[in-house]
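# Need the 3D shape of this:
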Amino acid sequence: MDAGLLAKLFGKSQEWQGPCVVVLDADASVQTVGTDSVAGGGTKLYAPRAVSGRIAADSALLLADGTAMMLIQQVRVRQATGEEVVKQTLTIADPRHIVAIEYAETAGYALQAMGLTAPPVRGSGSHSGILTRPRPVVS
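This is a model prediction of the structure:
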């Protein structure tokens, strides 16, 4: 991805930005599809693992010199005592290997950073609300 585009999205002030998905051209993320379990006789059954280049970051930061992207993933783990522990994983990614950035809740911020306005929101029903319906020609 272009370094200038990343600088527009994440700024040059080294401030953490909200959640996004960073897509890398590498197998950088392993996610569990389902849950691991213990079967009869203590046999462990492991859920399938999916390997991809998609990193769902809770926070992302571009270093001021543009040499690295810092990605934080947070996982809340409930202990047997009922206490919740937050575990953080830091991934340091090379910006030259970033293929795409996906935004969900913070898409408006990303559009604003690019100098764009948000597209019209779809209306309910079968009509998308983006394009106007053709009007019948009256002769």
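# Show me the helices in the chain, by range?
3-10, 107-113 (DSSP state H).
# list the buried ones in the last one?
Under the neighbour-count criterion of 16 or more other C-beta atoms under 10 Å, helix 107-113 has 110, 113 buried. (C-beta placed from N, C-alpha, C; glycine too.)
# residues in contact with that helix?
With contacts defined as C-beta atoms under 8 Å, 6 or more residues apart in numbering, helix 107-113 is touched by 8-9, 11, 17-18, 20, 101, 103, 117-118.
# ok, now the first one?
The list of residues contacting helix 3-10 from outside it, by C-beta under 8 Å, 6+ apart, reads 17, 60-62, 66, 69, 95, 98, 101, 110, 113-114.
# Out of these, list just those in strands.
60-62, 69, 98, 101 (DSSP state E).
# Of the contacts of helix 3-10, grab the buried ones for ChimeraX.
The ChimeraX command for the buried members of these (criterion: 16+ other C-beta under 10 Å) is given here:
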select :17,60,61,62,69,95,98,101,110,113
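# The contacts of helix 3-10 into TSV, with extra columns for pLDDT and distance to residue 4?
Below are those laid out as TSV (pLDDT from 0 to 100; distance: C-beta to C-beta, whole Å):
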residue	pLDDT	distance to residue 4
17	88	16
60	94	17
61	95	17
62	95	11
66	91	9
69	95	14
95	94	11
98	93	13
101	92	14
110	83	15
113	83	12
114	85	11
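# Which of the contacts of helix 3-10 sits closest to residue 77?
Each of the contacts of helix 3-10 was checked against residue 77 using C-beta to C-beta; the closest is residue 60, at 22.2 Å.
# The closest one contacts residue 17, doesn't it?
Yes - with contacts counted by C-beta atoms under 8 Å, residue 60 reaches residue 17, the gap being 5.2 Å.
# I'd assumed residue 99 was in contact with residue 26.
No - no contact is recorded between residue 26 and residue 99 when judged using C-beta under 8 Å, the distance being 9.4 Å.
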